[in-house]
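Engineer: Any chance you can model this:
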Amino acid sequence: MPRTREFDTEQALARIKDVFWKHGYEGGSMALIEAETGLKKQSLYRAFGDKRQMYLAALRDYERVEVAAAIEILQAPGEPAARIDDLFAAIIDGAVKNGDRRGCLLCNASVDQAPLDEASEELVGQIMQRFGKAIEKCLSQGQQFATAPKLRRETVHAVLAGYFGLRVMIKAGQPRALLTSTRKRLVAALL
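Structural biologist: Purely as a prediction, here's the structure:
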(Lines give C-alpha, C1' and ligand atoms only; values in the text may rest on other atoms or scores of the structure.)
Protein backbone atom coordinates (compact mmCIF):
# COMPACT_ATOMS: atom_id res chain seq x y z
CA MET A 1 0.00 0.00 0.00
CA PRO A 2 1.48 3.38 -1.00
CA ARG A 3 2.25 5.89 1.73
CA THR A 4 0.00 8.90 1.96
CA ARG A 5 1.54 12.33 1.69
CA GLU A 6 2.09 13.97 5.02
CA PHE A 7 2.59 17.49 3.69
CA ASP A 8 0.66 20.15 1.84
CA THR A 9 1.83 19.97 -1.79
CA GLU A 10 0.44 23.43 -2.57
CA GLN A 11 2.43 24.97 0.26
CA ALA A 12 5.55 23.03 -0.76
CA LEU A 13 5.13 24.20 -4.36
CA ALA A 14 4.82 27.82 -3.21
CA ARG A 15 8.15 27.46 -1.40
CA ILE A 16 9.77 25.76 -4.40
CA LYS A 17 8.51 28.61 -6.59
CA ASP A 18 10.01 31.12 -4.18
CA VAL A 19 13.40 29.38 -4.33
CA PHE A 20 13.49 29.50 -8.13
CA TRP A 21 12.11 33.05 -8.14
CA LYS A 22 14.86 34.29 -5.83
CA HIS A 23 17.77 32.14 -7.03
CA GLY A 24 16.99 31.02 -10.58
CA TYR A 25 17.19 27.44 -11.80
CA GLU A 26 20.91 26.91 -11.24
CA GLY A 27 20.99 28.72 -7.91
CA GLY A 28 17.93 26.83 -6.70
CA SER A 29 19.81 23.75 -5.57
CA MET A 30 18.07 20.68 -4.22
CA ALA A 31 19.70 21.37 -0.85
CA LEU A 32 18.11 24.82 -0.82
CA ILE A 33 14.74 23.43 -1.92
CA GLU A 34 14.93 20.83 0.85
CA ALA A 35 15.79 23.51 3.41
CA GLU A 36 13.01 25.85 2.29
CA THR A 37 10.31 23.19 2.12
CA GLY A 38 11.48 21.16 5.11
CA LEU A 39 11.13 18.04 2.94
CA LYS A 40 13.58 15.36 1.91
CA LYS A 41 14.62 14.88 -1.70
CA GLN A 42 12.71 11.60 -2.02
CA SER A 43 9.43 13.21 -0.91
CA LEU A 44 9.95 16.09 -3.30
CA TYR A 45 10.73 13.76 -6.20
CA ARG A 46 7.66 11.63 -5.47
CA ALA A 47 5.39 14.66 -5.36
CA PHE A 48 6.81 16.76 -8.20
CA GLY A 49 9.36 14.77 -10.19
CA ASP A 50 12.96 15.86 -10.72
CA LYS A 51 14.30 19.40 -10.33
CA ARG A 52 13.30 20.32 -13.91
CA GLN A 53 9.73 19.19 -13.24
CA MET A 54 9.71 21.23 -10.03
CA TYR A 55 10.83 24.28 -12.01
CA LEU A 56 8.09 23.81 -14.59
CA ALA A 57 5.52 23.29 -11.82
CA ALA A 58 6.74 26.53 -10.20
CA LEU A 59 6.23 28.39 -13.51
CA ARG A 60 2.71 26.97 -13.86
CA ASP A 61 1.98 28.02 -10.28
CA TYR A 62 3.33 31.50 -11.03
CA GLU A 63 0.82 31.74 -13.86
CA ARG A 64 -1.98 30.42 -11.65
CA VAL A 65 -1.32 32.99 -8.91
CA GLU A 66 0.63 36.03 -10.11
CA VAL A 67 -0.31 36.16 -13.79
CA ALA A 68 -3.94 35.47 -12.87
CA ALA A 69 -3.86 38.47 -10.49
CA ALA A 70 -2.53 40.65 -13.33
CA ILE A 71 -5.24 39.38 -15.67
CA GLU A 72 -7.88 40.14 -13.05
CA ILE A 73 -6.76 43.79 -13.08
CA LEU A 74 -7.03 43.81 -16.88
CA GLN A 75 -10.59 42.43 -16.67
CA ALA A 76 -11.84 45.12 -14.27
CA PRO A 77 -14.30 47.72 -15.53
CA GLY A 78 -12.98 50.92 -17.04
CA GLU A 79 -11.07 52.21 -20.00
CA PRO A 80 -8.16 50.05 -21.24
CA ALA A 81 -5.59 52.79 -20.55
CA ALA A 82 -6.74 53.02 -16.94
CA ARG A 83 -6.59 49.24 -16.53
CA ILE A 84 -3.07 49.02 -18.00
CA ASP A 85 -2.04 51.88 -15.72
CA ASP A 86 -3.61 50.03 -12.76
CA LEU A 87 -1.64 46.91 -13.70
CA PHE A 88 1.65 48.80 -13.84
CA ALA A 89 0.82 50.63 -10.59
CA ALA A 90 -0.02 47.34 -8.84
CA ILE A 91 3.35 45.78 -9.59
CA ILE A 92 5.15 48.90 -8.42
CA ASP A 93 3.04 49.15 -5.25
CA GLY A 94 3.52 45.47 -4.49
CA ALA A 95 7.27 45.78 -4.80
CA VAL A 96 7.65 49.01 -2.84
CA LYS A 97 5.11 48.37 -0.07
CA ASN A 98 6.08 44.75 0.54
CA GLY A 99 9.78 45.08 -0.26
CA ASP A 100 9.31 42.37 -2.90
CA ARG A 101 12.12 43.00 -5.34
CA ARG A 102 12.18 39.52 -6.90
CA GLY A 103 10.96 40.89 -10.21
CA CYS A 104 9.00 38.48 -12.38
CA LEU A 105 9.57 34.72 -12.42
CA LEU A 106 8.30 34.54 -16.00
CA CYS A 107 10.75 37.24 -17.08
CA ASN A 108 13.55 35.51 -15.17
CA ALA A 109 12.70 32.18 -16.82
CA SER A 110 12.70 33.84 -20.24
CA VAL A 111 16.38 34.68 -19.95
CA ASP A 112 17.49 31.97 -17.52
CA GLN A 113 16.12 28.69 -18.83
CA ALA A 114 13.99 29.25 -21.94
CA PRO A 115 17.08 29.54 -24.17
CA LEU A 116 18.52 26.33 -22.70
CA ASP A 117 15.57 24.02 -22.24
CA GLU A 118 12.82 23.26 -24.74
CA ALA A 119 10.15 22.52 -22.12
CA SER A 120 10.89 25.80 -20.33
CA GLU A 121 10.85 27.72 -23.60
CA GLU A 122 7.51 26.19 -24.58
CA LEU A 123 5.89 26.88 -21.20
CA VAL A 124 7.21 30.46 -21.02
CA GLY A 125 5.87 31.06 -24.53
CA GLN A 126 2.45 29.65 -23.65
CA ILE A 127 2.14 31.77 -20.51
CA MET A 128 3.23 34.91 -22.36
CA GLN A 129 0.73 34.14 -25.11
CA ARG A 130 -2.13 33.76 -22.61
CA PHE A 131 -1.09 36.97 -20.83
CA GLY A 132 -0.92 38.72 -24.22
CA LYS A 133 -4.43 37.53 -25.09
CA ALA A 134 -5.73 39.03 -21.85
CA ILE A 135 -4.05 42.35 -22.72
CA GLU A 136 -5.53 42.18 -26.23
CA LYS A 137 -9.00 41.53 -24.84
CA CYS A 138 -8.61 44.53 -22.55
CA LEU A 139 -7.45 46.76 -25.41
CA SER A 140 -10.24 45.56 -27.72
CA GLN A 141 -12.75 47.15 -25.35
CA GLY A 142 -11.36 50.62 -26.08
CA GLN A 143 -12.56 52.76 -28.93
CA GLN A 144 -9.05 53.32 -30.30
CA PHE A 145 -8.37 49.58 -30.72
CA ALA A 146 -11.80 48.01 -31.27
CA THR A 147 -11.63 48.29 -35.06
CA ALA A 148 -7.85 48.30 -35.47
CA PRO A 149 -6.64 44.70 -34.99
CA LYS A 150 -3.12 45.35 -36.32
CA LEU A 151 -2.59 48.32 -34.01
CA ARG A 152 -4.08 46.31 -31.14
CA ARG A 153 -1.67 43.37 -31.67
CA GLU A 154 1.31 45.72 -31.94
CA THR A 155 0.23 47.48 -28.75
CA VAL A 156 -0.09 44.14 -26.93
CA HIS A 157 3.60 43.48 -27.54
CA ALA A 158 4.52 46.99 -26.46
CA VAL A 159 2.49 46.61 -23.24
CA LEU A 160 4.21 43.28 -22.54
CA ALA A 161 7.60 44.91 -23.11
CA GLY A 162 6.64 47.72 -20.74
CA TYR A 163 5.37 45.29 -18.12
CA PHE A 164 8.50 43.13 -18.20
CA GLY A 165 10.73 46.19 -18.34
CA LEU A 166 9.13 47.58 -15.19
CA ARG A 167 9.55 44.20 -13.49
CA VAL A 168 13.27 44.24 -14.35
CA MET A 169 13.61 47.80 -13.04
CA ILE A 170 11.88 46.71 -9.82
CA LYS A 171 14.29 43.81 -9.43
CA ALA A 172 17.21 46.19 -10.04
CA GLY A 173 16.07 48.22 -7.03
CA GLN A 174 15.09 51.39 -8.86
CA PRO A 175 13.39 53.99 -6.62
CA ARG A 176 9.62 54.38 -6.54
CA ALA A 177 9.73 57.88 -8.08
CA LEU A 178 11.57 56.58 -11.15
CA LEU A 179 9.26 53.57 -11.45
CA THR A 180 6.19 55.81 -11.19
CA SER A 181 7.42 58.32 -13.78
CA THR A 182 8.32 55.42 -16.09
CA ARG A 183 4.85 53.94 -15.61
CA LYS A 184 3.17 57.23 -16.50
CA ARG A 185 5.36 57.73 -19.57
CA LEU A 186 4.74 54.15 -20.74
CA VAL A 187 0.97 54.45 -20.46
CA ALA A 188 0.98 57.83 -22.22
CA ALA A 189 3.20 56.53 -25.02
CA LEU A 190 1.40 53.23 -25.50
CA LEU A 191 -2.20 54.30 -25.13
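Engineer: By neighbour count, which bits of the helix or strand bottoming out on mean pLDDT in the chain are buried? Give me those.
Structural biologist: None of the helices or strands of the chain scores lower by mean pLDDT, DSSP states H and E than helix 143-146, at a mean of 90. Judged by neighbour count using 16 or more other CB atoms under 10 Å, the buried positions of helix 143-146 are F145. Heads up, the C-betas are built off the backbone N, CA and C, glycines and all.
Engineer: Which strands or helices does that helix pack on?
Structural biologist: helix 149-171 (3 or more CB pairs under 8 Å, 6 or more residues apart in numbering; DSSP states H and E).
Engineer: Go again with 10 Å.
Structural biologist: helix 80-98, helix 118-140, helix 149-171 (3 or more CB pairs under 10 Å, 6 or more residues apart in numbering; DSSP states H and E).
Engineer: and S29, which of those is closest to it?
Structural biologist: helix 118-140 (17.5 Å; CB to CB).
Engineer: For that closest one, the averaged confidence score.
Structural biologist: Regarding helix 118-140, the rounded mean pLDDT is 97.
Engineer: Tell me which other helices or strands that helix touches.
Structural biologist: Looks like helix 118-140 contacts helix 51-62, helix 68-74, helix 80-98, helix 105-112, helix 143-146, helix 149-171 (3+ CB pairs under 10 Å, 6+ apart).
Engineer: try 7 Å
Structural biologist: The contact analysis (3 or more CB pairs under 7 Å, 6 or more residues apart in numbering; DSSP states H and E) places helix 118-140 against helix 51-62, helix 68-74, helix 80-98, helix 105-112, helix 149-171.
Engineer: ok, residues contacting the last one?
Structural biologist: The contact list for helix 149-171, computed with CB atoms under 7 Å, 6 or more residues apart in numbering, reads 84, 88, 91-92, 95, 101-104, 107, 128, 132, 135-136, 139-140, 145, 179, 182-183, 186, 190.
Engineer: change it to 8 Å
Structural biologist: 70, 84, 87-88, 91-92, 95, 101-104, 106-107, 110, 128, 131-132, 135-136, 139-140, 144-145, 178-179, 182-183, 186, 190-191 (CB atoms under 8 Å, 6 or more residues apart in numbering).
Engineer: Please state the offset of that helix from the chain centre?
Structural biologist: 13 Å (CA atoms, centre = their mean, to the nearest Å).
Engineer: Repeat that for stretch 95-105.
Structural biologist: Distance, centroid of stretch 95-105 to centroid of chain: 11 Å (CA atoms, centre = their mean).
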